[in-house]
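A.B. asks: Return atomic coordinates for the entry below.
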Amino acid sequence: MDTMLASAPTFPVPTPAPAFRDTVADWMRQFQDWLCQQLEEADGLARFQEDAWQHHGGGGGRSRVITNGNILEKGGVNFSAVSGTMSEQAARVLLMPNPEYFATGVSVVQHPGSPMVPISHMNVRYFEAGNGEAWFGGGLDLTPIYVDVEQARWFHEQIAEVCQRHDTTYYTRFKEWADEYFFITHRQETRGIGGIFFDRLTVGKHGDREALFAFVREVGEVYGRTYTELMRRNAALSFTDQQKKWQLVRRGRYAEFNLAIDRGTKFGLETGGRTESILMSLPPQCEWHYNLQPEPGSPEAATQTWLRKGVDWLATHPSV
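C.D. replies: Residues are numbered from 1 along each chain as shown. As a prediction, this is how the structure comes out:
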């Protein structure tokens, strides 16, 4: 697959603010603007609608949702910068060193109408606890309805290049972490072809704040550039009713993960976040069929074989 990406708007550069948390939050807000612009241009029809909200503890956010586009049936790009004090139980569940918190981030999920265009997810975030501990987290992953091995390898190559620029161990560590995290335990299958996932990159312990912040910014950028390219590459591909039905089944698995396993969903609900924004990640339509098994030798069965941990997507010929 050609590694040249389509031209895009200038990526936002952070502007220093009086407090580091404000610098990060300002950049997150600008990143939301940049990413929405990229997605709108790639879709070519729909525009994001914004819903601004306030958090009961302090701060708030902007939820942006796009629907019924040329490519995107439903998608969201949510920004938040909130503070408060969570319950002791919630702090224990979320492994918070102190119940007081500040959190800012951007969370993204895109559900295309065509089963030929993958579902995508990206999240970048920054936390501060009341005891002064601060850390970054995030990741991105891809959920193709039908796995295209060449595109899967290209996607991972782009991520690996970003990781390599910051730490030679990042890609291997964070790719393995993604395999573990984006795993539907009750199905014993991965949500898709993975990507990277990282949490609690702690300021001081894992690097200085500027270096960690720079890495997180590049994670956001590589998502925007790679996913809009995949939208453009696959949008015009034809598909059958059978392929659309398979998409609805795979969307159901996506919903299962987000409702039963995803930590971001749990954090938002535990801290009294806006329910509509938290559940933005769910697909507009999905289906469940009792004990549905793909026909042996079918494209659906072929995709199912890739939904496992440990695939070396950087290999010239990834092994089934």
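A.B. asks: For this structure, which segments count as strands?
C.D. replies: Remark: strands assigned in the chain by DSSP state E are 49-54, 59-67, 72-85, 100-112, 119-129, 134-143, 183-184, 189-190, 194-202.
A.B. asks: Switch those strands over to a markdown table; also include distance to residue 279 and mean pLDDT.
C.D. replies: Where you see a C-beta, it was placed from the backbone N, CA and C, and this is true even at glycine. As requested, the strands of the chain are arranged in a markdown table below (distance: least, CB to CB, whole Å; pLDDT from 0 to 100):
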| stretch | distance to residue 279 | mean pLDDT |
| --- | --- | --- |
| strand 49-54 | 13 | 95 |
| strand 59-67 | 11 | 96 |
| strand 72-85 | 10 | 96 |
| strand 100-112 | 10 | 96 |
| strand 119-129 | 14 | 96 |
| strand 134-143 | 17 | 97 |
| strand 183-184 | 18 | 97 |
| strand 189-190 | 22 | 98 |
| strand 194-202 | 21 | 97 |
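A.B. asks: out of the ones you listed, which comes closest to residue 262?
C.D. replies: Closest approach to residue 262 among those is made by strand 119-129 (9.4 Å; CB to CB).
A.B. asks: got the angle between the closest one and strand 194-202?
C.D. replies: 0 degrees (axes from the mean of the first three to the mean of the last three CA atoms, to 10 degrees).
A.B. asks: before we move on, the earlier item: can you convert the strands of the chain into CSV and add a column each for distance to residue 162 and mean neighbour count?
C.D. replies: Output for those, formatted as CSV (distance: least, CB to CB, whole Å; neighbours: other CB atoms under 10 Å):
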stretch, distance to residue 162, mean neighbour count
strand 49-54, 29, 12
strand 59-67, 24, 20
strand 72-85, 20, 22
strand 100-112, 16, 23
strand 119-129, 12, 23
strand 134-143, 10, 23
strand 183-184, 23, 17
strand 189-190, 21, 20
strand 194-202, 9, 22
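A.B. asks: So which of these is nearest residue 294?
C.D. replies: Comparing the strands of the chain by CB to CB, strand 189-190 comes nearest, at 12.1 Å.
A.B. asks: other SSEs contacting that closest one?
C.D. replies: If contacts are counted by 3 or more CB pairs under 8 Å, 6 or more residues apart in numbering; DSSP states H and E, strand 189-190 sits against strand 183-184.
A.B. asks: List of residues touching the strand it packs on?
C.D. replies: With CB atoms under 8 Å, 6 or more residues apart in numbering as the test, strand 183-184 has contacts from 189, 190, 191, 253, 256, 257, 261, 309.
A.B. asks: Same list (the strands of the chain) but as TSV, adding distance to residue 223.
C.D. replies: Output for the strands of the chain, formatted as TSV (distance: least, CB to CB, whole Å):
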stretch	distance to residue 223
strand 49-54	20
strand 59-67	15
strand 72-85	11
strand 100-112	7
strand 119-129	4
strand 134-143	5
strand 183-184	20
strand 189-190	18
strand 194-202	9
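A.B. asks: between those, which gets nearest to residue 164?
C.D. replies: Residue 164 lies closest to strand 194-202 among the strands of the chain, at 11.9 Å (CB to CB).
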